[in-house]
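Colleague: Here is a sequence with its predicted model. Questions after.
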Amino acid sequence: MADAPTRDHRTDQPEQAGEQPADAGVRSFLDLLRVEELDENLYRGRCHAGAPLRAFGGQVAAQALIASGRTLPAGRAVHSLHGYFLRPGDPTRPIIYQVERIRDGLSYATRRVTAVQRGEAIFTLSASVKRAEESGERQRTMPPVPAPEDLPDPLPEWARAAPEDFDRAAGFHSLDIRFIPPDAPGLPPEVEGVPQQFVWLRTGSPLPDDGLLHVCALTYLSDLTLAATSALHLQPHRFQRSEPPLLTMASLDHAMWFHRPFRADEWLLFAQRSPSVSDGRGLSLGEFYSRDGQLVASAVQETLLRERRPSRHPSA
């Protein structure tokens, strides 16, 4: 991973005038990370829907991180981020990203980003970067799971089983994902009360050799399945079901730590588990591994979980 982010102008194209779906101009995964510089410390982007009428939180976080990266000193790489989702984002309107330069130290630097729509904050992000240094290493061993090439692509089946839902989720069509069956050989045994899932992920198109873009791409990818992990005891992931959802779900907060260099356009194993659901909230933990078994990143997310009540129709 490159130490210093270098601007790729394919993420800098001006927005077209007029209201339009945020995924209307998506030709490759890189388009999902596109932000426009309006002024010093001020950027604008658009995010596609993750749920009906709600901007996808992973894309909001990724674009906020892109905006913060534009203000960072050279020679630093992102090592952690912490974000809070405050209000639903509107996928039909632009999002303004306001960057605060909190600290520029010799080794570490910190940025805070506020994403704004209609004059209100919808998301806040704190990101920290650092210079690389030599140190001792250790890590958890990656489980011996089936390779992504041996697993089916769930998107064609999703398109067949729920075509309208698939068409509405055009923003997700620019990624590759493979779900590992829960009974696949090599998976660790599931602990009672702790549902788990293992998923291979990567961007659906190549990315430039820019470390910031790969970190931002993984931030997007990390939000695809973590929330669903906390709800696996009630329903499968959206990509794997044809029935209406049983739950109302929304990300409350999201944190990531980046441990080692990686490429988000190469297959990464996302090992996830959910140790708790209570008080209308679910907690999920995840670890990303490269194909050669390197633990490259960790993620934690808390999700709002509420069972949907049947709609009541007035009696005739």
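Modeller: In hand now; what should we look at? Residues are numbered from 1 along each chain as shown.

Colleague: And the strands in the stretch 201-316 of the chain?
Modeller: 247-258, 268-278, 281-290, 295-307 (DSSP state E, counting those that start in this stretch).

Colleague: May I see the buried residues of stretch 140-150?
Modeller: Of all the residues in stretch 140-150, those buried under the rule 16 or more other CB atoms under 10 Å are 142, 145-146, 148. Every residue, glycine included, has its C-beta placed from N, CA and C.

Colleague: from these, which is closest to residue 277?
Modeller: residue 145 (24.9 Å; CB to CB).

Colleague: Spit out the contact partners of that closest one.
Modeller: Contacts for residue 145 (CB atoms under 8 Å, 6 or more residues apart in numbering) come out as 180, 184, 186-187, 198, 269.

Colleague: Report the lowest-confidence entry in those residues.
Modeller: The member of those with the lowest pLDDT is residue 186, at 87.

Colleague: Which helix or which strand is home to it?
Modeller: If you go by DSSP states H and E, residue 186 is not part of any helix or strand.

Colleague: heads up, I number from 14, so please use that
Modeller: Done: numbering now begins at 14, and the last item shifts to residue 199.

Colleague: what's around it, how many residues?
Modeller: The tally of other residues near residue 199 (other CB atoms under 10 Å) stands at 11.

Colleague: In space, what's closest to it - neighbours in sequence excluded?
Modeller: Closest residue in space to residue 199, ignoring its immediate chain neighbours: residue 157 at 3.9 Å, by CB to CB, 6 or more residues apart in numbering.

Colleague: How far does stretch 155-174 sit from its chain's centre?
Modeller: 19 Å (CA atoms, centre = their mean, to the nearest Å).

Colleague: got a list of what the most centrally placed residue in the chain touches?
Modeller: Computing the C-alpha centroid of the chain and ranking residues by CA atoms, centre = their mean puts residue 233 first, at 2.6 Å. Shown in contact with residue 233 (CB under 8 Å, 6+ apart): 45-46, 71-72, 74-75.

Colleague: And it, how far from residue 51?
Modeller: Applying CB to CB, to the nearest Å, the value for residue 233 to residue 51 is 22 Å.

Colleague: farthest-separated two in the contacts of residue 158?
Modeller: Between any two of the contacts of residue 158 (CB to CB), the greatest distance is 12.0 Å, for 197 and 282.

Colleague: which of these two has more neighbours?
Modeller: Neighbour tally, residue 197 and residue 282, criterion other CB under 10 Å: the higher count belongs to residue 282, 23 against 15.

Colleague: What about the closest residue to the more buried one other than its chain neighbours, how many residues nearby?
Modeller: The shortest distance from residue 282 to any non-neighbouring residue, by CB to CB, 6+ apart, is to residue 302 (4.4 Å). Residue 302 has 24 neighbours, counted by other CB under 10 Å.

Colleague: Could you check how far residue 302 is from residue 160?
Modeller: Taking CB to CB, one finds residue 302 at 13 Å from residue 160.

Colleague: which neighbours do residue 197 and residue 282 share?
Modeller: With CB under 8 Å, 6+ apart, residue 197 and residue 282 have common neighbours 158, 211.

Colleague: Fine, thanks again, bye for now.
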